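Would you be able to build a 3D model of this:
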Amino acid sequence: MAGEVVQLRKPERASDFGELIDLYLETRDAKTKLERLQKDHLKQYNDVLSKIEGKLMEHLQQHKVQSLSSDTGTAYLSHFRSAPIHDAVAFKDYVISNRAWDMLDWKANVTAVGDFVVEHEIPPPGVNLKSTIRLGVMRK
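Sure, this is the predicted structure:
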């Protein structure tokens, strides 16, 4: 069954709503099956990539360097930090009681600001709307 291609029926050929519902369920099931098969197939690639990443990471850390370069590309470390809140009430109480306002980020909702700009053709007062494109993989 791996690699089996399911021939999908065309909705234009359905003669009534019952048939459309059957077709929908049949198509959804076929899609789910294909996604499962694809996930299983991709696992082997992800496993190999994880092993390679582990070896590269080990080498970078062992030699205390931030990047490695070859004729075909560059492997590099990107440092990202996050501080997810797991107890909002405790954090809020701490910030307020210690006046630790620097621990907070107060920011505009990007989606809402974007919608505002579409509607009003300018950003709301005190806000700049920016768009950034980031690239993290390099090939020579």
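
Now the phi/psi pair for S67, please.
phi -150, psi 160 (degrees, to the nearest 10).

Pairing-wise in the sheet, spell out the partners of it.
Counting by DSSP bridges, S67 is bridged to Y76.

can you pull the pLDDT of the residue lying farthest from the centre of the chain?
The C-alpha centroid of the chain is most remote from S15, which lies 40.2 Å away (CA atoms, centre = their mean). As predicted, S15 sits at a pLDDT of 75.

Roughly how far does D87 sit from E53?
Counting by CB to CB, to the nearest Å, the gap between D87 and E53 amounts to 32 Å. Quick note: C-beta positions are derived from backbone N, CA and C, even for glycine.

Which of the helices and strands in this protein ranks last by mean pLDDT?
Lowest by mean pLDDT, DSSP states H and E among the helices and strands of the chain is strand 138-139, with a mean of 57.

could you measure the nearest residue to L60 once chain neighbours are set aside against N46, distance?
In this structure, L60 finds its nearest non-sequential neighbour in L77, 6.0 Å apart by CB to CB, 6 or more residues apart in numbering. From L77 across to N46, the span is 20 Å (CB to CB).

next one: S15
Relative to N46, and taking CB to CB, S15 is found at 44 Å.

show me where the protein has strands.
67-69, 73-76, 138-139 (DSSP state E).

What is the neighbour count of R9?
By the measure other CB atoms under 10 Å, the count of residues near R9 is 13.

The one 10 residues further on too?
Residues lying near E19 (other CB under 10 Å) number 13.

what does F116 give?
Considering only other CB under 10 Å, F116 is surrounded by 17 other residues.

and if you look at L23?
For L23, using other CB under 10 Å, the count is 16.
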